[in-house]
Every structure is written in structure tokens, then in C-alpha cells.
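Participant: structure for the following, please:
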Amino acid sequence: MTEEASPDKADYLTRRNFLKFAGGSLVSLSLPLASSLDGSASQSAINIGGIFSLTGPNAPVGKTIRDGARLAVKKINDEGGIGGEIPIDLVVEDGKTSQTGASKAARRLANRGDISFAFGPLIGTHGMATQPIFGAAGIPQVFFGTVPGFTERHEEYPMSIRYGTQASLQMAPVLKYAVEKRDHEKLHLFAPNNQQGKSFEKVVRNQLGRVPGGELRGVSYYTPFSSDFSQFMAKALNSPAEGVIVGTGIPTDLISVAREFDRRGIDPEEFGYYTGQTPNGSVDFEKQVADKGIGEGFIFAWHYENGEYPREFQRSDPPEQATDMESVFRNEFGHAPDSPPSASWGWGSTHIVKQAIEGMIEAEGLDTVLSLNYREELPREAVSYLLPDEGASGSGPVVNTPYGNYGFLSCGQFDIRLGVATVQDNRRYLLKDRGYGEELLGSLCS
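Facilitator: So this is what the prediction gives:
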């Protein structure tokens, strides 16, 4: 398939002019548009394609994201579909925890001709590789990874959005905590030797420069999914650094660094161990680090809340979608998801699509929305609905997710805020509430 730039955003309907257009020629044109692709079958359901790492080193995370999406689809369909009228089908592709695998999966989905939305992949460089493929195919993409470049290309690919956090959102609360609460002013960064790693370095330098006393004293680039960090740790320990930052959320890397701390007998509260990401709610991380007591004092950014984690600030009610998701998992499997933060990517993305279309139904009427072609017009309008009107400040309509209730900014970034957590007594412990380190953020849209 030839990769071309996606249609110019000026050609799209906006939330402001949707009603005017829908009230005129759209309804009269809807039947020929609906039958022009695949006949009446094209209107039978909304097909969502998901790129999940079902094989390779990130498979436990990918399978949990898939399960979250599958159960969300099942629940919505059991309740009659979106708006009580539109069923959803999930088409699963294995991204194989590789950029090549993700790109091939994206091409398979794009070439089907019946995909309305695409979810994933998780890893930043994989998302950057798939964005042009979905953009050329005119398929809205809901991406999970952190690399800032994804939303920096929003003008070129206006139907791509990020449900999750970018590097600056993750690093701000952690860096502030490292410097101001742990007195670890001089830090050394372990970064993957790819685009994501370079993005993390840029963000860390920028944000540490905003914290009085904060300073990045060195960077070590490593191959992703590394199991041996001994030489990098030796370099950090022999430098003026007072702690290390790991610029990834890949569980393999975070586990390996934790083991190196343990092997050397290093206390993470004395020589800091920081990461901008929760280790993706990884079951492997929990079993190999937290459950073994070798992650005590490890600091990470948190974004998922089910109300059960102990904390140092006043408890608030968890998001309704978090409790709903865990209840559905228990009914299906007999237990909550092994990795609720991971399941939330699949579950939350599905409900974002649902809420966008139901918001359109509330604003414009069911018949008008049903008249839209499910492959082209409806997905395009759903993304337009989620984003703020052109020239408006702030975010678009609030959507409810397991990560909290927020809207999307004009560049497609979910306007979420994170807090700070650690591992204490073999379980995660919340130290600072959402919004800590806000002053370090700057603009989330460049």
C-alpha cells in the first residue's frame, strides 16, 4: 500500500459545523455512501483493529491489553451496542513486540478495507512506525505509548490520538520528588538507544532544569529488553550521580535494573531508582521485584487507581471505569486483571470510542449518526468530537476511563495528570496525588 499523507484537517467536519452539515445534504446522501463500499454489510458493525504484543518479551502486557479490549467489547455488545444500536467487533493482530511486527500488523488491518478504528501499539517507536500507515488509510488510531513525536505529528495525522501519557507527563512528578523529597539532585539516565530514549533525555534535561538544584550528570544508552545493566550501573555509581532514571516502561529493562540494585546491595532510597512509567502494571515485575522485596523504595509515576492502594494523601473514590473493569474481569475469569493498568489501555480505548459516538448521538440525534458510513464518516466525526473546537483552549469533552476522567487536547494528547508511587512492604504505595509536579510540565502540545 502506498503511504500518503492523510486528508487535510480543513476537509474534515468539525464539531462546530457538524449540525449544519448533518441538517442539510448528509441524510439524503447517507444511503449511497453506506452502500458504496461493501453493501449493507458495511453497516452491520464497527470493526476495531488492535495491535497487541501477543508474542515476544512484552507478551504478558500485550495479552492483558487485548483482554481488556475484548471484555469491553463484550460488555458493550451485551448491553445492545453503542447507543443501544451499533455492535462492535474486535480484530486482533499480533505486533510481536517489534517495530517490524507492528508495521506488518498495521498494514494487514489497513488492507482489509473494513476497519473503523485502530488501537495500539504500546511501545513508542512502534507507534511512530504505524502512524503513517493508518494515516494513509484514513483509520483513526488510538495509541498508548509515550514518545512525544506521536502527537507532535498531529497536524500531519489528525485522526491519531494518544490515550495515555507522554514522557513529560510521566517525568514531571518523579523528577520533582527525586530532587525535593529525596534530595537526589544529580541523576544519571539509562535510556534505550532509540527515538523514545532520545525523547526521554530531552524531557529529563528540560524538567530537571526547572527544579532548583536538579541536574542530569550523565546518560547511558542501552539496547531495549536488556538483561544486564552491570556496566551502566558501574558508570553511574562512579559518577557524581545520586540516583538513576530508567527512561522506559518495558518490564524486562526495569526488572533487570532492580536486580542489579539487589545484586550490589544498593538501597533505592539512598541511591535513587526512578522511572517515569509504571512498569506497565507488569505481572512479571510484580512477581520478580515487588513480591521478592527487592523493589522497596523504587519510585515511579502512577496513573491507575482502584481505591485499594495505601497512600500518604487523602483517599478519593476510584474512577467508575476502573471498578467496572475489575468487576467484569472477576465475572469472566474469577479474579481481577493480573495487570489492571495494562487492561485499562484496551478497556479504556474501547469506551472512549463508545462515549465519543454516544456524545454525537446526544448532540445530533441517533438517526443522523446512524446515517454516517461506519468505515469513513463516523470514525472521522468521532475523533472530531473528542478534540476541542479549532481555536478553543483546554480539552475536548470529558471521557470516563480507568485512568480517570479527562479530555483530549488539540494535538490528540489525553490531558491526564499523574502522581508518585513506590513499592513498600511488597506492594505499591502512593506518595503524591495526581498533579504533583504540574509546574514542570509546560505545554503538552508543541
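
Participant: give me the below-cutoff pLDDT ranges for this protein.
Facilitator: 1-42, 278-281 (pLDDT under 70).

Participant: helix or strand right after the longest helix seen in it?
Facilitator: Using DSSP state H to assign secondary structure, the helix with the most residues in the chain is helix 340-364. Beyond helix 340-364 on the C-terminal side, the first helix or strand identified by DSSP states H and E is helix 366-370.

Participant: so what does that next one touch, helix or strand wise?
Facilitator: With contacts defined as 3 or more CB pairs under 8 Å, 6 or more residues apart in numbering; DSSP states H and E, the packing partners of helix 366-370 are helix 340-364. C-beta coordinates here come from the backbone N, C-alpha and C atoms, glycine included.

Participant: and the helix it packs on, which residues are buried?
Facilitator: When burial is assessed from 16 or more other CB atoms under 10 Å, helix 340-364 yields the following buried residues: 340-361, 364.

Participant: same check on stretch 291-301?
Facilitator: 294-301.

Participant: repeat for stretch 100-117
Facilitator: Buried residues in stretch 100-117, counted by 16+ other CB under 10 Å: 101-110, 114-117.

Participant: and the spatially closest residue to Pro388 that is not a sequence neighbour, how far from Leu386?
Facilitator: The spatially closest residue to Pro388, leaving aside those adjacent along the chain, is Gly396, at 4.6 Å (CB to CB, 6 or more residues apart in numbering). Summarising the geometry, the distance separating Gly396 from Leu386, computed by CB to CB, to the nearest Å, is 5 Å.

Participant: do Thr146 as well
Facilitator: When CB to CB is the yardstick, Thr146 and Leu386 sit 20 Å from each other.

Participant: on that earlier part again, reformat the buried residues of stretch 100-117 as JSON lines; add secondary structure and distance to Gln314.
Facilitator: Converted to JSON lines, those look like this (DSSP: H, G, I helix; E, B strand; the rest coil; distance: CB to CB, whole Å):
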{"residue": "Gly101", "secondary structure": "helix", "distance to Gln314": "44"}
{"residue": "Ala102", "secondary structure": "helix", "distance to Gln314": "41"}
{"residue": "Ser103", "secondary structure": "helix", "distance to Gln314": "46"}
{"residue": "Lys104", "secondary structure": "helix", "distance to Gln314": "48"}
{"residue": "Ala105", "secondary structure": "helix", "distance to Gln314": "44"}
{"residue": "Ala106", "secondary structure": "helix", "distance to Gln314": "44"}
{"residue": "Arg107", "secondary structure": "helix", "distance to Gln314": "49"}
{"residue": "Arg108", "secondary structure": "helix", "distance to Gln314": "48"}
{"residue": "Leu109", "secondary structure": "helix", "distance to Gln314": "44"}
{"residue": "Ala110", "secondary structure": "helix", "distance to Gln314": "47"}
{"residue": "Asp114", "secondary structure": "coil", "distance to Gln314": "48"}
{"residue": "Ile115", "secondary structure": "coil", "distance to Gln314": "44"}
{"residue": "Ser116", "secondary structure": "coil", "distance to Gln314": "42"}
{"residue": "Phe117", "secondary structure": "strand", "distance to Gln314": "38"}
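
Participant: just flag the most distant two among these.
Facilitator: By the measure CB to CB, those have their two most distant members at Gly101 and Ser116, which lie 22.6 Å apart.
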